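In: Quick one: sequence and predicted model below, then my questions.
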Amino acid sequence: MGASLWAAQQLTKAMTSTYCFPRYCNEEACNSNSASAAINKWIKTIAGPSAVIHGLRHSFRDRLR
């Protein structure tokens, strides 16, 4: 939990809106599909084009609850 807490604290310090990621979430809707696609694209640059991250979106959703 140490790294997660630190990351959350850094996010809240840098926030300029109500939401940590306003590009993906606002008062009207939350676009989790776009967020998931962006994260998967980033992971593929690190782990290679054949990397498959099964359940990534659901893991993030569960951890953010």
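Out: Good, I have the coordinates. Numbering: from 1, shown residues only.
In: can you count the residues close to Ala37?
Out: Neighbourhood size, Ala37 [other Cβ atoms under 10 Å]: 12. In short, each C-beta sits where N, CA and C put it, glycine included.
In: just checking, it is part of a helix?
Out: Yes: using DSSP: H, G, I helix; E, B strand; the rest coil, the assignment for Ala37 is a helix.
In: Distance-wise, check the most centrally placed residue in the chain relative to Gly2.
Out: Central residue of the chain (Cα atoms, centre = their mean): Ala35, 6.1 Å from the mean position. Distance, Ala35 to Gly2, using Cβ to Cβ, to the nearest Å: 24 Å.
In: circling back: what are the phi and psi angles of the closest residue in space to the residue nearest to the centre of the chain that isn't next to it in sequence?
Out: Among residues not flanking Ala35 along the chain, Tyr24 sits closest, at 4.1 Å (Cβ to Cβ, 6 or more residues apart in numbering). Per-residue torsions, Tyr24: phi -110, psi -10 (degrees, to the nearest 10).
In: for Tyr24, what are its contacts?
Out: Cys30, Asn31, Ser32, Ser34, Ala35, Ala38 (Cβ atoms under 8 Å, 6 or more residues apart in numbering).
In: can these go into JSON lines with extra columns for pLDDT and distance to Gly48?
Out: Formatted as JSON lines, the contacts of Tyr24 follow (pLDDT from 0 to 100; distance: Cβ to Cβ, whole Å):
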{"residue": "Cys30", "pLDDT": "84", "distance to Gly48": "29"}
{"residue": "Asn31", "pLDDT": "82", "distance to Gly48": "26"}
{"residue": "Ser32", "pLDDT": "77", "distance to Gly48": "24"}
{"residue": "Ser34", "pLDDT": "82", "distance to Gly48": "23"}
{"residue": "Ala35", "pLDDT": "79", "distance to Gly48": "21"}
{"residue": "Ala38", "pLDDT": "86", "distance to Gly48": "18"}
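In: so where's this structure uncertain?
Out: For the chain, the stretches with pLDDT under 70 are 1, 52-57, 60.
In: quick one: furthest residue from the center of the chain?
Out: Max radial position in the chain (Cα atoms, centre = their mean) goes to Ser50, at 20.7 Å.
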